[in-house]
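**Q** my questions are about this predicted structure, shown below with the sequence.
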Amino acid sequence: MRDSIETRQPAPWPMNAWYVAATPDEIDGKPLGRRICGERMAIFRDAEGRAAAVEDFCPHRGAPLSLGFVRDGALVCGYHGLAMGCDGRAVGMPGQMVRNFPPIRAFATVERYGFIWVWPGEATRADPAKLHHLPWAGSDRWAYGGGMFRVACDYRLMIDNLMDLTHETYVHASSIGQKEIDEAAVKTRADADEVVTSRYMENVNPPPFWQMALRGSGLPDDVMVDRWQTCRFSLPSHVMIEVGVALAGRGGYDADPAVKASSIVVDFITPETETSHWYFWGMARQFAIHDTALTDEIRAGQQRIFSEDLEMLERQQHNLSDHPDRKLLKLNIDAGGVRSRMMIDRAIAGERDAAQATPSLLR
Amino acid sequence: MRDSIETRQPAPWPMNAWYVAATPDEIDGKPLGRRICGERMAIFRDAEGRAAAVEDFCPHRGAPLSLGFVRDGALVCGYHGLAMGCDGRAVGMPGQMVRNFPPIRAFATVERYGFIWVWPGEATRADPAKLHHLPWAGSDRWAYGGGMFRVACDYRLMIDNLMDLTHETYVHASSIGQKEIDEAAVKTRADADEVVTSRYMENVNPPPFWQMALRGSGLPDDVMVDRWQTCRFSLPSHVMIEVGVALAGRGGYDADPAVKASSIVVDFITPETETSHWYFWGMARQFAIHDTALTDEIRAGQQRIFSEDLEMLERQQHNLSDHPDRKLLKLNIDAGGVRSRMMIDRAIAGERDAAQATPSLLR
Amino acid sequence: MRDSIETRQPAPWPMNAWYVAATPDEIDGKPLGRRICGERMAIFRDAEGRAAAVEDFCPHRGAPLSLGFVRDGALVCGYHGLAMGCDGRAVGMPGQMVRNFPPIRAFATVERYGFIWVWPGEATRADPAKLHHLPWAGSDRWAYGGGMFRVACDYRLMIDNLMDLTHETYVHASSIGQKEIDEAAVKTRADADEVVTSRYMENVNPPPFWQMALRGSGLPDDVMVDRWQTCRFSLPSHVMIEVGVALAGRGGYDADPAVKASSIVVDFITPETETSHWYFWGMARQFAIHDTALTDEIRAGQQRIFSEDLEMLERQQHNLSDHPDRKLLKLNIDAGGVRSRMMIDRAIAGERDAAQATPSLLR
């Protein structure tokens, strides 16, 4: 797609960052082909079971390596059998000396917190210490369930969506929406490494999803509650949303765990192309953590709720693609998305400046 | 799609004209998104039940307004709840002062004769008196039934199709076609406001569709008839076809109503894009007007007949798109379409001249 | 698509050559629309039952002639009845004098060996003597069965595929693949009119397809065999592959017919567009030639095997379209495809030189 330095438009996402690329089950026993930040990758496990990702392009005849298979930790092309190592170098081919075969790109890859993460930019700059920390992952005091959608819109439209939950009133009227969301004042602040936008609703009726959560926590579901939503954006494109309800007047967000139901809505939003992304969604909760039926019920509920957004987002993308120069409104409720995009733009500009500062011989 | 004055190609249709956009049932209880003459519109009913049409683009975040709902006569965006009036001005949004929100385009809209009509051009020039008059609509001496297709071809190919009924012999051989159509001389004339092309066949066997109509009129269906077809094109893209059969030798078109079956084939051909259109078709008849089963039977017959044209027209479009510079023949049988296109071209040229005559400051 | 001499890219195939366009059953009783080497053709039978091909474009209104029908050996447009002869000249139309109607292109067409062949270039240069000779076709000592796929990739990727059968080990592991193919040395030579690449495997287990063939030949299927593959490419894009197995140590390719099963894999690869082709495949065999159930079984087996290639080839095309400038490896196993492409390139260059040598007034 992008042919040369000259015609290359800067991608609308940071390249030197960790993105969620897959869940571990997707690469169990077979390679996975997935485009991440414009790069077609074949993701697989090496001989030690470590996740690896290389260009999905066999240097022999251009076949997608992801149509092949893994043997002894090498990715074997399903067309003529060229085996590639996780470093992008050829390791063998029947009847051939592969030592001088041209390598393909290898992408830095890490498996952690129940996800496969890739770094689509320069592998030498990839530092696992820069991974977004997920305190709930791997903890035995939390339960997690989630899923994934491919969404045919710019990944930033999903960030906008998640950083302004007033849409719940309209898009999710029958599950988590309620008119009090619109009425509650929203506060947005941008810190050095995150944008936080939050809402607090006092003494409201819990909508159906939270009635289910209250029941799951052993609490009555026909009572008034205080409800909160704190959306946290961090680079490159993660949105963690602390959400919850507490029996009204018992302290809200700070209430005793015994009188509240709370959780973290987990959103990893990984660009595929300029107009599509992989949306990894889920919920981490601290209540009823051994109730796997509840995990399934919540997952099914989230799947239903999040799929309500898809048509809206994809049709919004159509409208914006038709009118690329049209200015949109930036209201107070949009501040979370607007500031998140500013943080993204700064990261992209920083990558561009760093590239220009690098002596061209090294590029 | 069309970004600026400079790069804008003139659209191949008049903009300042009334087009059929929908039938009333399509906007009952919910807004309808439909592209008309290149403009994406959301069509709905205001508080008084009047049809209205605005751009299908929420000025807040660009979502399609047609995915929303109507409340108190305002079109409420289904994403974050911005409510737009039928004049394209924002009327409310929870927690927001909308007075200075940018307006969107509102299109002149009229409901009449059982159709929703829109004027995609300058609303200030829209005059309901310019609506095409349909004497049969609303009359208790006529019955009407019809339907609609989206057809993936230039709307002018449909006009050509309807202004030259020799295709019936080939495309509709089993329903309304008969070889005598080919053999009958065609006469075409262009008046100030319509192009008329007509054919008259004496003493022919009625084809199956007309046998049904004869039976529906209480007449024998196994007799010889005189048959006529008078196609009338008028701007912007309407084709009304007077069709009928009379028992042979009883006066033909002028025969006593008791010995003939006649009707008007109604065709509103509304451009969607350069290569697609909405085809509203129907039949108005003066016989057996209270026989709703016959209305249904005729509608089903028309639907079957008109769908026979679709593949031909869409494949013709493919061929013409592949060969944009290839000249086609213009035979006597094509005169109706040729002259209709001339009338369209004059209307487009007139709009262009008027626009150029307008001082640029006012544009 | 290709508008003018100036912007026309040379097509990546020879135009002045015989290509398989269809099988006879495809034009029995009705015309067939098919794009061959970029040219949309309507293929039909004239009054004497001879195959003919003309542009699939009615000179009247541009409708595809292939949607029409054949009457008295003329191709009648299904829209308004213009009848075209097999020479591309109009022969009649109701109520019209067609003598001066513009002709459309007629393509040289021959029916032979059970196929309809067309010559998409200059008809005056088409010589049936240049048809690829198929000794097995029409012989009563051979049986033939085959089928056809449309494949969404450059026809040369299919030539590469067939001229390097090492892919059998990977793509067709469960039918005709076996690891010894990889291990056997491949020999490639280019003669004046064909490229030949061959492999010989001694004392190997017959894979499932050949077990079936052995049984079909009345031989045991649980024995060791010698196996051979000789792929022969000839212009414009035919690949005939002599394949077989003989009981091990009995002479291999030259063994007595009583102890071997052998056949010719027949591949006619006809370009449709730059990124798609029609793949006519089949098998001609000399054993059990009256066993029509075996013919069906082999056809079903080939259909299953060849469809295993389709995803790989179409995904390879995607990868190459995404990376048009990327160089691929050319290994010894690729020599058959590489040399076949050189032969194609020389043929294209020869056509270009001949065209430039022609005085421009004659073009």
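**A** Cool, the structure landed. A quick note: this is a predicted structure, and the numbers were derived from the prediction, not measured.

**Q** all helices of chain A, in order?
**A** In chain A, the helices defined using DSSP state H lie at A:155-163, A:168-171, A:179-183, A:208-216, A:292-322, A:335-357.

**Q** select, out of those, the one closest to residue C:51.
**A** Nearest of the helices of chain A to residue C:51, taken as C-beta to C-beta: helix A:292-322 at 46.5 Å. All C-beta spots, glycine's among them, are computed from the backbone N, C-alpha and C.

**Q** what about the closest one, distance to the chain center?
**A** Chain-centre distance of helix A:292-322: 14 Å, with C-alpha atoms, centre = their mean, to the nearest Å.

**Q** before we move on, the earlier item: any idea which of the helices of chain A is most buried?
**A** The highest mean neighbour count among the helices of chain A, using mean count of other C-beta atoms under 10 Å in any protein chain shown, belongs to helix A:155-163: a mean of 24.

**Q** quick one: it to helix A:292-322, angle?
**A** Between the axes of helix A:155-163 and helix A:292-322, defined by axes from the mean of the first three to the mean of the last three C-alpha atoms, to 10 degrees, the angle is 130 degrees.

**Q** contacting residues around the residue of the stretch 101-250 of chain A found nearest chain C?
**A** Proximity of the stretch 101-250 of chain A to chain C (C-beta to the nearest C-beta) peaks at residue A:101, 6.6 Å away. Contact analysis of residue A:101 by C-beta atoms under 8 Å, 6 or more residues apart in numbering or on different chains lists A:59, A:60, A:82, A:89, A:90, A:93, C:329.

**Q** repeat that for residue A:215.
**A** residue A:221.

**Q** hmm, residue A:285 and residue A:262 touching each other?
**A** Yes: Residue A:262 lies in contact with residue A:285 (C-beta atoms under 8 Å); the separation is 7.5 Å.

**Q** keeping just the C-alphas, turn stretch A:181-196 into PDB.
**A** Below are the C-alpha coordinates for stretch A:181-196, written out as PDB (Å, rounded to 0.1, in the frame of the first residue of the first chain):
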ATOM      1  CA  ILE A 181     -25.700  10.200  32.500                       C
ATOM      2  CA  ASP A 182     -26.500  13.100  30.200                       C
ATOM      3  CA  GLU A 183     -27.400  15.200  33.200                       C
ATOM      4  CA  ALA A 184     -24.300  14.500  35.300                       C
ATOM      5  CA  ALA A 185     -21.500  17.000  34.900                       C
ATOM      6  CA  VAL A 186     -18.400  15.500  33.200                       C
ATOM      7  CA  LYS A 187     -14.900  16.300  34.400                       C
ATOM      8  CA  THR A 188     -11.900  15.800  32.200                       C
ATOM      9  CA  ARG A 189      -8.300  16.300  33.000                       C
ATOM     10  CA  ALA A 190      -5.100  15.400  31.200                       C
ATOM     11  CA  ASP A 191      -2.100  14.200  33.200                       C
ATOM     12  CA  ALA A 192       1.300  13.400  31.800                       C
ATOM     13  CA  ASP A 193       0.500   9.900  30.800                       C
ATOM     14  CA  GLU A 194      -3.300   9.600  30.800                       C
ATOM     15  CA  VAL A 195      -6.500  11.500  30.100                       C
ATOM     16  CA  VAL A 196      -9.200  11.000  32.700                       C
END
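
**Q** buried ones in that stretch?
**A** Neighbour-count burial for stretch A:181-196, counted by 16 or more other C-beta atoms under 10 Å in any protein chain shown, picks out A:181, A:182, A:184, A:186, A:188, A:190, A:194, A:195, A:196.

**Q** avg pLDDT for it?
**A** For stretch A:181-196, mean pLDDT is 90.

**Q** show residues contacting it.
**A** Contacts of stretch A:181-196 (C-beta under 8 Å, 6+ apart): A:163-166, A:168-169, A:197-201, A:229-235, A:332-333, A:335-336, A:339-340, A:342-343, B:81, B:94-95.

**Q** if we can go back for a sec, widest-spaced pair of the buried residues of stretch A:181-196?
**A** Across the buried residues of stretch A:181-196, the longest distance by C-beta to C-beta is 24.6 Å; it joins A:182 and A:194.

**Q** check contacts around the nearest residue to residue A:28 once chain neighbours are set aside.
**A** Once flanking residues are discounted, residue A:28 sits nearest to residue A:45: 7.9 Å by C-beta to C-beta, 6 or more residues apart in numbering or on different chains. Contact analysis of residue A:45 by C-beta under 8 Å, 6+ apart lists A:27, A:28, A:51, A:52, A:70, A:73.

**Q** most neighbours among those residues, which one?
**A** Of all the contacts of residue A:45, the highest neighbour tally under other C-beta atoms under 10 Å in any protein chain shown goes to residue A:52, namely 29 neighbours.

**Q** wait, that residue sits on residue A:86?
**A** Yes: with contacts counted by C-beta under 8 Å, residue A:52 reaches residue A:86, the gap being 3.3 Å.

**Q** any common contacting residues for those two?
**A** With C-beta under 8 Å, 6+ apart as the test, residue A:52 and residue A:86 both reach A:44, A:46, A:75, A:106.

**Q** measure the second one to chain B for me?
**A** When you say that, I think you mean residue A:46. Here residue A:46 is placed at a distance of 44 Å from chain B (C-beta to the nearest C-beta, to the nearest Å).

**Q** got the contact list for that residue?
**A** By C-beta under 8 Å, 6+ apart, the contact set of residue A:46 is A:52, A:73, A:74, A:85, A:86.

**Q** let's go with 7 Å and repeat that
**A** By C-beta atoms under 7 Å, 6 or more residues apart in numbering or on different chains, the contact set of residue A:46 is A:52, A:73, A:86.

**Q** mind checking how far it is from residue A:74?
**A** Residue A:46 sits 8 Å away from residue A:74, going by C-beta to C-beta, to the nearest Å.

**Q** which residue sits closest to whichever residue of chain A sits closest to chain C, ignoring its sequence neighbours?
**A** Nearest residue of chain A to chain C: residue A:94, at 3.3 Å (C-beta to the nearest C-beta). Spatially, and ignoring its direct neighbours in sequence, residue A:94 is nearest to residue C:182 (3.3 Å; C-beta to C-beta, 6+ apart).

**Q** neighbour-wise, which one of the contacts of residue A:101 leads?
**A** Ranked by neighbours (other C-beta under 10 Å), the contacts of residue A:101 are led by residue A:82, which has 27 neighbours.

**Q** more neighbours, residue A:262 and residue A:285?
**A** Per other C-beta under 10 Å, whichever of residue A:262 and residue A:285 has more neighbours is residue A:285, with 25 against 18.

**Q** any idea what the residue lying closest to that one once chain neighbours are set aside is bridged to?
**A** Excluding the flanking residues, the one nearest residue A:285 by C-beta to C-beta, 6+ apart is residue A:263, at 3.9 Å. Beta-bridge partners for residue A:263, by DSSP bridges, are residue A:243, residue A:285.

**Q** quick check: domain ranges of chain A?
**A** A:19-130, A:143-349 (automatic domain parsing).

**Q** quote the end-to-end distance of the last one.
**A** Spelled out, that is domain A:143-349. Taking C-alpha to C-alpha, to the nearest Å, domain A:143-349 runs 38 Å from one end to the other.
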